[in-house]
Every structure is written in C-alpha cells, then in structure tokens.
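S.K.: generate coordinates for the sequence data below:
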Amino acid sequence: MNIKELAKKLGLSITTVSRALGGYSDVSEKTRERVKKYANKYQYSPNPYASTLASGKVKTVGYVLPIYGTNTSTLNQGNFFQFISGMSEELLSESIQLQILFAKSEEEELKSYEKLIFEHRIQNIVLQNVKTNDKRIEFLNNYKINYVAWGKTKDKRNYSWVDLDNDKAIEIIINYLIKKNHSHISYINISEKYNFANERKASFLKNLKLNKIKFNKNYYASVKLEEPEKSFEIIKKMLTKNKKISAIICSTEFSALSAIKACDFLNYKIGKDISIITFDGALVRDLSSPPITAVSFPVKELGKRAINILLSKKIKNQSITFMPKSEIIERGSVHTVK
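M.R.: Got it, this is the predicted structure:
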C-alpha cells in the first residue's frame, strides 16, 4: 500500500497523512493516532524507499522548480536552468535520471516534495531558494531524506549545501569600489526572508566599518523581487535625494534592472556619472551600455557540486558544503571617482 491509497481509506489528504506520520504538531493527536493505527493495520511504512536504501543504488534525483511570483521571470528561470544544466551533466555521467516537478505556489511546492517522496519513491533531492527559516528542511529531515540545498538557513543546521560565499563576495566588491575612490556607496538588498540577503547586508555593514566608511541609512534599501516598479521608484527617490551616491551595489539582477532604469530616467550615464555592480550579471549585462560589472556567481558549477555531494557516501555521516571563489568581472559600468 502506498500513501495515496492509505489517505483514500482514511478520507484524508496525502499532506495530512504524511504530516501525521511525521509527527507534526499542526496535526491533532487524535488524527495522528488514527493515521498510525491504519498504517499499522495495512502494514504501511512511512519509509517507502527502503528497498532503494538497501541496494544503495541511486536511480533518480528529485527537484522542484517553482513557477510562481518572480520565479516565472526570465532572470530567475535563467539561473534555475543554469543550475539544472550543471546537475544534468553530472547525473548523465552516472546514468541517473532527474525527476522535475513544477510548483505554482509556495503551498504546492511543499506538496511537490511530498509527491516526490511518497508517490515517485525518490529519496535523493536537491532544493533551492532556501529561506531563513525553511519548512522544507524540517520536512526532509523528519523523513530522513538524502538531500542537498542550494543556500542555507540562518542557523546553518547540520545538512549539506552549496552556495556563494556571500561574505567574501561583498568584501571583494567593497574593496574594488574603494580602489576606485568610491566612499558614497549605496546598497540595494532584497527581502531578508532569504538568508543570503541577511549575509550580504551583514558583510556590507562590516566592510564599510573596516574601511572607516560611516553607514548612511539613506543609502540602503530593501526591495521586493515581485515589485519591480516599486523598486525602481525607491532607487530613483534614493538617487534624487542623495546626490553624493557614486556607486550602487545590487544584491540581485532584479534590483540591477531597477537601478539601470532609475539611472536612465535621471539621465545618469552608467560608468561615468554613477557606477553599478551586481552578482554575476550575465543576464543583465547587455541591458545597459556599458554592460554591468559583476562579482562572479557560477550557478552551473553549484549545480554540479550539489550532485557530487548528493551522491557522495560521506553525506550519510556528515554535512558537506561548497562555496566557489568569487572574482570581479569588469565590464565598464564602474568608474573611478576623481
């Protein structure tokens, strides 16, 4: 019997049954006991991949691709597909399949992971867009799933992940701008529900202090990815009120797009009147003249390493992490202040 059949007999959703078996507190004790009773009666095990564990052979890796909100944009999908490309190359060399499910909402995303585990019987998963406090991590840990995450939670719990060294990347950017005599540096961050946003902000503040540059709260803004027009207005207002700003660090390519638009609106010549620098920038580099300078963000390499770690036997005994080295990719959008 599988979880779908058990849920049907109980008259409950697959999600409720899986959470009841996982001991989640949001399912009443009465329901949990009822589900466990039926599971025992029909000899259902919440570990449907036991045979795969016994053989030790990985046949399929699961991945959920979000297609809602900003995830539907060309920018974000571009990063996702670079990551998938890296995973696919490694999996192909090992003759392992990649099972991709699509999610149209955050709620559907969690259900997709349940589907991978209980219906497709997949025990090896890669997840992305890790948030500061991520329910998916708790869910996968509860079911003892073998997984690797692109990104990490705030407390950096004992699980394996790949990510950019956000602290070092910001340090490299700040030092690069200072060498070009910039001291009035603006930072456009995104929602701090993503841990990388917190890490980059902390590094920005730290490196300003190390270089004896006083933090100006008027030079900092946090914008929402799903509100590009509002981001444009925020950056435009910031530049209008703070004429001394000579450089803008954009935490994402989304904010870089808004910064380019704001500079164009104010007739600022990028690379002459003002500087813009972002992360990777491969997808926005040709949307301005000159192209946008960036710190490298090898997404495809992260995908490859995620699979390397996932397939490593060591993962069963310890947490493995990977952070690629970053470097500045000069494209002409950063000028020297005279």
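
S.K.: tell me the gap between the helix or strand hosting residue 278 and the middle of its chain.
M.R.: Counting by DSSP states H and E, the element that carries residue 278 is strand 275-279. In terms of Cα atoms, centre = their mean, to the nearest Å, the centre of strand 275-279 is set 20 Å apart from its chain centre.

S.K.: could you point out which element follows that strand?
M.R.: In the C-terminal direction, the helix or strand that comes right after strand 275-279 (DSSP H and E) is strand 293-295.

S.K.: partner strands of that next one and their direction?
M.R.: Next to strand 293-295 in the sheet, as set by DSSP bridges, lie strand 275-279 (parallel), strand 328-329 (antiparallel).

S.K.: could you dump the strand holding residue 278 to CSV, C-alpha only?
M.R.: Taking only C-alpha atoms (Å, rounded to 0.1, in the frame of the first residue of the first chain), the coordinates of strand 275-279 have been written out as CSV:
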residue,chain,number,x,y,z
SER,A,275,28.6,53.0,-11.1
ILE,A,276,26.5,49.8,-10.8
ILE,A,277,27.8,46.4,-9.8
THR,A,278,25.8,43.2,-9.2
PHE,A,279,26.1,39.5,-8.7
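
S.K.: residues contacting it, please?
M.R.: Contacts made with strand 275-279 from outside it, assessed by Cβ atoms under 8 Å, 6 or more residues apart in numbering, are listed as 164, 169, 173, 176-177, 180, 182, 246-253, 255-256, 259-260, 263, 270, 284, 288, 292-295, 297, 333-335. From N, CA and C alone the C-beta is placed, and that goes for glycine too.

S.K.: ok, stretch 59-70 next?
M.R.: The set of residues that contact stretch 59-70 without belonging to it, under Cβ under 8 Å, 6+ apart, is 52, 71, 76, 80, 84, 87, 91, 96-106, 108-109, 112-113, 116-117, 120, 122, 124-127, 129, 225-226, 254, 307, 310.

S.K.: quick one on the thing from earlier: filter the contacts of strand 275-279 down to the buried ones, ChimeraX style.
M.R.: Entered in ChimeraX, the line below selects the buried ones among those, by 16 or more other Cβ atoms under 10 Å:
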select :164,169,173,176,177,182,246,247,248,249,250,251,252,253,255,256,259,260,263,270,284,288,292,293,294,295,297,333,334,335
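
S.K.: narrow the contacts of strand 275-279 to those in strands?
M.R.: Among the contacts of strand 275-279, the residues falling in strands (DSSP state E) are 247, 248, 249, 250, 293, 294, 295.

S.K.: partner residues bridging the first one?
M.R.: When you say that, I think you mean residue 247. Residue 247 has the following beta-bridge partners by DSSP bridges: residue 185, residue 275.

S.K.: so what pLDDT did it get?
M.R.: Per-residue confidence for residue 247 comes out at a pLDDT of 98.

S.K.: same thing with the last one?
M.R.: Among the per-residue scores, residue 295 shows a pLDDT of 93.

S.K.: same thing with residue 320?
M.R.: Confidence at residue 320, expressed as pLDDT, is 81.

S.K.: for residue 211, same thing?
M.R.: Among the per-residue scores, residue 211 shows a pLDDT of 97.

S.K.: wait, it touches residue 176, no?
M.R.: No. Here residue 211 lies out of contact with residue 176, judged by Cβ atoms under 8 Å, at a distance of 11.7 Å.
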